[in-house]
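Enquirer: Task: produce atomic coordinates for the following.
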Amino acid sequence: MVKEPEIEKGDLLRLVNAIPHGKDKAVRRTALVRNLGMSDRRVRLLIEEARRQGYIILNQQTGEGYYISDDLDEMERQYRQDTARAMSILKRRKPLRDALKAAGRAV
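Expert: Residues are numbered from 1 along each chain as shown. As a prediction, this is how the structure comes out:
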């Protein structure tokens, strides 16, 4: 397995400061990559870490970009979107789990 690079607090703060407040000002990840001078993978890791640390970073599945919000309706939409995505991943895993169990693997 590939080891993830360390998350530096300075990089995390740069990312958070680069993400605007408000859906109408959403910024695409490609713009964040360009503006921050980081790889796409690094920006994705930083976004996930910022979310784990409690920053409310939302995104549109339409590709309109990332933004910070305190709007409860937008938060609920993101919550439901994330839940649907997680459930989809779990359903996709079932055939893998079944095959591994059938082969005697502990899963």
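
Enquirer: which parts of the helix ranked longest in the chain are buried?
Expert: Longest helix in the chain, counting residues (DSSP state H): helix 72-102. Within helix 72-102, the residues scored as buried using 16 or more other CB atoms under 10 Å are 74, 77, 78. For every residue, glycine as well, the C-beta is placed using N, CA and C.

Enquirer: for the worst-scoring helix or strand of the chain on mean pLDDT, the distance to its chain's centre please.
Expert: Least confident helix or strand of the chain, by mean pLDDT, DSSP states H and E, is strand 57-60 with a mean of 91. Distance, stretch centre to chain centre, for strand 57-60: 8 Å (CA atoms, centre = their mean, to the nearest Å).

Enquirer: for the next helix or strand after that strand, the distance to its chain's centre please.
Expert: Once strand 57-60 ends, the next helix or strand along the chain (criterion: DSSP states H and E) is strand 65-68. Its chain's C-alpha centre and that of strand 65-68 lie 11 Å apart, by CA atoms, centre = their mean.

Enquirer: which strands and helices sit next to strand 65-68?
Expert: helix 29-36, strand 57-60 (3 or more CB pairs under 8 Å, 6 or more residues apart in numbering; DSSP states H and E).

Enquirer: got the contact list for that strand?
Expert: The set of residues external to strand 65-68 that reach it, using CB atoms under 8 Å, 6 or more residues apart in numbering, is 16, 19-23, 25-29, 31-32, 47, 55-59.
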